[in-house]
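> Okay, sequence plus prediction incoming.
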2 protein chains.
Amino acid sequence: MSEHFELLLKDPQSSARRGRLKTLHGVIETPIFMPVGTQATVKGLTPAQIKEDVGAQIILGNTYHLNLRPGSELIRDAGGLHKFMGWDGPILTDSGGFQAFSLAKLSKLTEDGVAFQSHLDGSKVFLGPKEVMGIQANLGSDIAMVIDECPPYPCSKDACEKAIERTTRWAKACKQIATDNGFLESGHHVFGIAQGSEYEDMRRRSAEELSELDFPGYAIGGVSVGEPEPEMLKQVRATAPFLPEDKPRYTMGLGTPPQMLKMIAAGVDMFDCVLPSRVARNGAFFTPDGMKNIRNSRFTTDLNPLVEGMDNYTCRNFTRAYLRHLTMAKEMLSCTLLTLHNLHFYLDLMQQVRTHLETGDFSSWSSEWIARYEADGE
Amino acid sequence: MSEHFELLLKDPQSSARRGRLKTLHGVIETPIFMPVGTQATVKGLTPAQIKEDVGAQIILGNTYHLNLRPGSELIRDAGGLHKFMGWDGPILTDSGGFQAFSLAKLSKLTEDGVAFQSHLDGSKVFLGPKEVMGIQANLGSDIAMVIDECPPYPCSKDACEKAIERTTRWAKACKQIATDNGFLESGHHVFGIAQGSEYEDMRRRSAEELSELDFPGYAIGGVSVGEPEPEMLKQVRATAPFLPEDKPRYTMGLGTPPQMLKMIAAGVDMFDCVLPSRVARNGAFFTPDGMKNIRNSRFTTDLNPLVEGMDNYTCRNFTRAYLRHLTMAKEMLSCTLLTLHNLHFYLDLMQQVRTHLETGDFSSWSSEWIARYEADGE
C-alpha cells in the first residue's frame, strides 16, 4: 500500500476499484472524473460553480496552452495556478507533449523533446523533460504528468517499440528532475504514462518498465487517438494488469459515460474529457437516456428540467423550454447552465459508481445503466 | 404620500430623493440601478449571481424581444417571467414600442400602435396599447411601462406636440386596460412616460397631462436618443419638477456613473442601462478613476484586483492579470466576471448614493466622486 493512495476495495466481479488519492490540495475519492480547465478556466464556469454546483474534486489544466499564454512564470509569480485561477482544490496538468503535436505547427521530435511553433503566434517553443517538469513546477500542479511519445494509430511495431523506449527514457528523466528539484519530496505527484499502441506485448513491456520507476500514479496513454472503441478497451485491458495495483490509473482524454464505466471495470480510476463541456456549447445535454440536444423543437414548451430529480443548479431552477430559449437566442448563459449540468452529470455518475462499488452491485448496475443510456440516445 | 412609494427624505442641497418602492416581488430602495435582462437573462450571469454577487434589487426585461422569442404566451404558461428565468425579485418591463422602431424592419406608426417586421424572421407584428399591456400581463411584470411615442432628436415643435398628444392618449388607453383586466388592482404597477423632446413647454405639458392620470410611477422618456449630455440633463430638469413628488421617477436607458449622479440630483430615482454589461464583453471595467480596459498591456502582470477593496466575487478572487489572460484567450468566463464586477460597481454606487443622502452630504460627495472619475478616465 502506497502512502498517498488507499485502495479501499476491489470489485469481485470486475477489475473495478474504489480508492482514495491524497494530494497537497485535498483528497480525491476514486473512480473520479476531472473537468478540463485548459486555459486556467473550466469554460463558462466560476470556481465556485465548479466546486459547489458541479461537485468537482479535481480539475485539469493544459501545460501546452498555459505555457504559451499567459506563460508559466507569470502564473508562478501570481502564486501558482491554484491562486491564479481561484481554485483551491487539486489540479492535474498534462505535459503538453501531446498537444505540441496535435495543435502546434511544424512539430519536430528529437531525443531531447519536441520543437514546434506556437499555434497562437508562430513563435518557436521547445518541450522536453526539463521544460515540462519546470513548467509544471511553476504551475504548482498537484499531479504533474511526464512527457511521453504517443505513437500514432495505427503504427508499425518497430515505430511503436522506439516510442515506448523513448517514453521510458523520458519518464526516468522527468522523475530525476522532480526528485532533484524537490517537487516530489514536497508532496506533489508525478504520474508516468504507459504506451504501446495496439501491441499487447508492447503495452505490457511499457507498463512494466514504468512500474519499476515507482511513480505515484500511472496513465494509460495512446488511447482515444483514432482507434475504434473495442481496440481502445483492448489496449486498456492489456495495460492495467501490469501497472502497480496500489497506484491510481488514469486514461487521458476519455470518454463517454459508457466508455468510462467500461474502463472502470477494466481497473481505471481517473478520467478527463472535454466532451461534457464542449458539447454543452452546441446545446447537447446528458441524460440517463443518452445525450439529447436542447435545440430540438420538441423542447420548445417542455416545462420539465433537463433531468427530472437531478440535484444541480440547472435542473433545480430551469426548464428545458427556458434553456432552449437561451440556446436559440445565442445567450451565453445557455453554455454556462448546460456545461454545469453536463459536468455535474459526469461527477454524479462517478458518485453512483463509488456507491455501487461499496454496495457490491457495480457490475450489474453498470450493465443496466449502459443499456438504458444506449437504448434511446440521439 | 402614495401607498407603494415612500419618500424617505429630500436632499436639502439638490432635488435628490431617498425612497422606497414596494412591488409584488419585494421592496426596492431608491435611487436604484436595474441590470438589463433583455432576453430573460442578464447576459452571462445566473440569477444567483445577479442576486448574491451583483446585489441587484430589480432587473429589467424587454417586451419587444420576449414577445418575438420565445413569445409571451409560453412565458405565461411557464408561470410568468420570474419563474421562467429563475428570478424571484421585482422585474420591470418596457413596452417594446421604442425597439419596434429602433430594431425592427419597416416600422409604421398609426394611431392604433406600431406595425413592424420582426428583426429575427421578418414576421409581421403589431404593438399598440392593448398588445403591450397584454404581453406585460403575460410576463407578470411588477412594473409595466405604457407604450409611448418617442419623437426623434431633433424634431419640429409641431411633430413633438403631436407625439406628446398621442403619448397621453396611449397612456390613458394603457391605464384603462390595466384597470379593466385587474393588473393594477392585483398590485402590479404601470408607469407612464413623459415626452417633449427639447421643448421645455412640451416637457411640462406632457408631465402634467400624465400626472393627472395618476400612474404609480413615471419615466422621463426621449432622453439618450442622440442629444448631447447637457441637452439631456436640461430635458430631465424640465420634466421632473412637473411629475408628482410622491411617485418614483425613472430615466430609461441611462447612463454613465456621472450621468446617473447628475440625474439623481435632478430628482430621478431609477435607471437602467446596458452599458455596464455591454462594455464588459469588450474587456472594459469600471473603477472610481474611470472606465479602463483589461486588454491594456499594463495589466499583464498586475496582481491587484480590478478595484482594490471592492467586495464582489470578481475582486475578491481574481487579479487583473488573470482577467486579462481570460480576455485575451477569449474565454467566456471573462465576460461573466467583468459583467459581474461592472454591475456590482453600479449597484454599489447606488448604495453609496443612498448612504450619502442619509448622512446629508450627497451633493459634495457626488461632486468629488464625479471629479475623481473624470480626472483619469480612458
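Happy to help now that I have it.

> C-alpha only now, for contacts and for neighbours.
Will do.

> For the residue lying closest to A:D94 once chain neighbours are set aside, the count of nearby residues, please.
Among residues not flanking A:D94 along the chain, A:M145 sits closest, at 5.1 Å (Cα to Cα, 6 or more residues apart in numbering or on different chains). Per other Cα atoms under 10 Å in any protein chain shown, the neighbour tally for A:M145 reads 26.

> Give me the pLDDT for A:M145.
As predicted, A:M145 sits at a pLDDT of 98.

> and if you look at A:S156?
pLDDT, A:S156: 96.

> For it, give its distance to chain B.
38 Å (Cα to the nearest Cα, to the nearest Å).

> Okay, that residue and A:M202: tell me how far apart.
12 Å (Cα to Cα, to the nearest Å).

> And A:T167, by the same measure?
12 Å.

> Of these two, give the one with the bigger neighbour count.
More neighbours surround A:T167 than the other of A:T167 and A:M202, with 25 against 22 (other Cα under 10 Å).

> ok, for that one, nearest residue in space, not its chain neighbours?
A:D148 (4.7 Å).

> what about the residue lying closest to A:S123 once chain neighbours are set aside, how many residues close to it?
In space, and not counting its chain neighbours, A:S123 is closest to A:Q117: 5.2 Å by Cα to Cα, 6+ apart. For A:Q117, the tally of surrounding residues (other Cα under 10 Å) stands at 18.

> beta partners for A:Q117?
A:K105, A:K124 (DSSP bridges).

> Assign the residue in the stretch 1-150 of chain A positioned nearest to chain B to helix, strand or coil.
Nearest residue of the stretch 1-150 of chain A to chain B: A:G44, at 5.0 Å (Cα to the nearest Cα). Remark: A:G44 carries the secondary structure label coil [criterion: DSSP: H, G, I helix; E, B strand; the rest coil].

> Identify the residues contacting it.
A:335-336, A:339, B:331-333, B:336 (Cα atoms under 8 Å, 6 or more residues apart in numbering or on different chains).

> quick one: the helices in the stretch 101-250 of chain A?
Taking DSSP state H, counting those that start in this stretch to define them, one finds helices in the stretch 101-250 of chain A at A:129-139, A:157-180, A:200-212, A:229-239.

> Out of the ones you listed, which is closest to A:R69?
For A:R69, the closest of the helices of the stretch 101-250 of chain A is helix A:129-139, at 12.2 Å, according to Cα to Cα.

> what's the closest one packed up against?
Applying 3 or more Cα pairs under 8 Å, 6 or more residues apart in numbering or on different chains; DSSP states H and E, one finds that helix A:129-139 contacts helix A:63-68, helix A:72-77, helix A:157-180.

> Out of those helices, indicate the one that is most buried.
helix A:63-68 (a mean of 24; mean count of other Cα atoms under 10 Å in any protein chain shown).

> what does it contact?
So helix A:63-68 is in contact with A:38-40, A:72, A:93-97, A:99-100, A:118, A:120, A:132, A:135-136, going by Cα under 8 Å, 6+ apart.

> same question, stretch A:71-91
Contacts of stretch A:71-91 (Cα under 8 Å, 6+ apart): A:23-26, A:40-41, A:47, A:57-61, A:66, A:135-136, A:138-143, B:301, B:303, B:317-319, B:322.

> how about 7 Å then?
A:23, A:25-26, A:40-41, A:47, A:57-61, A:66, A:135, A:138-143, B:301, B:303, B:317-318, B:322 (Cα atoms under 7 Å, 6 or more residues apart in numbering or on different chains).

> From one end of it to the other, what's the distance?
Using Cα to Cα, first and last residues of stretch A:71-91 are 17 Å apart.

> how far away is A:S206 from chain B?
Distance, A:S206 to chain B, using Cα to the nearest Cα: 37 Å.

> what does A:L323 give?
9 Å.

> Now do the SS call for that residue.
helix.

> Next, count neighbours for it.
28.

> likewise A:S186?
11.

> got a pLDDT number for A:P288?
97.

> quick one, phi/psi of the residue nearest to A:A137 when sequence neighbours are not counted?
With Cα to Cα, 6+ apart as the criterion, A:A137 has its nearest non-adjacent residue at 6.9 Å, and that residue is A:F183. In terms of degrees, to the nearest 10, the main-chain angles of A:F183 are phi -60, psi -50.

> what does A:S95 give?
phi -90, psi -20.

> For it, which residues are in contact?
A:S95 makes contact with A:63, A:132, A:145-147, according to Cα under 7 Å, 6+ apart.

> now A:A329
No contacts exist for A:A329 under Cα under 7 Å, 6+ apart.

> switch the cut-off to 10 Å
Counting by Cα atoms under 10 Å, 6 or more residues apart in numbering or on different chains, A:A329 touches A:323, B:39, B:65, B:69-70, B:120.

> could I get those as TSV with distance to A:Y313 and pLDDT?
Formatted as TSV, these follow (distance: Cα to Cα, whole Å; pLDDT from 0 to 100):
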residue	distance to A:Y313	pLDDT
A:L323	13	98
B:Q39	20	97
B:H65	26	96
B:R69	24	97
B:P70	22	98
B:L120	30	93
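
> Show me which pair in these is furthest apart.
Farthest pair in the contacts of A:A329, by Cα to Cα: A:L323 and B:L120, 18.7 Å.

> next one: the longest helix along chain A to chain centre, how far?
When chain A is scanned for its longest helix (criterion: DSSP state H), the result is helix A:332-359. On the basis of Cα atoms, centre = their mean, to the nearest Å, helix A:332-359 sits 14 Å off its chain's mean C-alpha point.

> Only the buried residues of it, if you could.
A:332-354, A:356-358 (16 or more other Cα atoms under 10 Å in any protein chain shown).

> Tell me the first helix or strand C-terminal of it.
helix A:362-375 (DSSP states H and E).

> And chain A, split by domain according to the record?
What automatic domain parsing lists as the domains of chain A is A:8-279, A:283-376.

> so A:G19 makes contact with A:T30?
Yes. If you go by Cα atoms under 10 Å, A:G19 and A:T30 touch, sitting 4.9 Å apart.

> Between those two, which contacts overlap?
Going by Cα under 10 Å, 6+ apart, residues that sit against A:G19 and also against A:T30 are A:5-8, A:248, A:269, A:354.

> A:L306: how many residues sit nearby?
Counted with other Cα under 10 Å, A:L306 comes out at 25.

> Check the contact between it and A:D289; I expect there is one.
No. Counting by Cα under 10 Å, A:L306 stays clear of A:D289, with 11.3 Å between them.

> Check which residues of stretch A:195-208 are buried.
Applying 16+ other Cα under 10 Å to stretch A:195-208 flags A:195-200, A:202-208 as buried.

> of all those, which two lie farthest apart?
The farthest-apart pair in the buried residues of stretch A:195-208, when distances are taken by Cα to Cα, is A:E198 and A:E208, at 16.4 Å.

> before we move on, back to that, give me the more crowded residue out of A:G19 and A:T30.
More crowded of A:G19 and A:T30, by other Cα under 10 Å: A:T30, with 27 against 21.

> Contacts only, for the more buried one.
For A:T30, counting by Cα under 10 Å, 6+ apart, the contacting residues are A:5-8, A:17-21, A:57, A:248-249, A:264, A:268-271, A:350-351, A:353-354.

> Next one: the residue at minimal distance from the centre of chain A relative to A:T256, how far apart?
For chain A, the residue nearest the mean C-alpha position is A:D272 (1.9 Å; Cα atoms, centre = their mean). According to Cα to Cα, A:D272 stands 10 Å off from A:T256.

> how about low-confidence regions in chain A?
A:1, A:377-378 (pLDDT under 70).

> repeat that with 50
By pLDDT under 50, chain A contains no weakly predicted segment.
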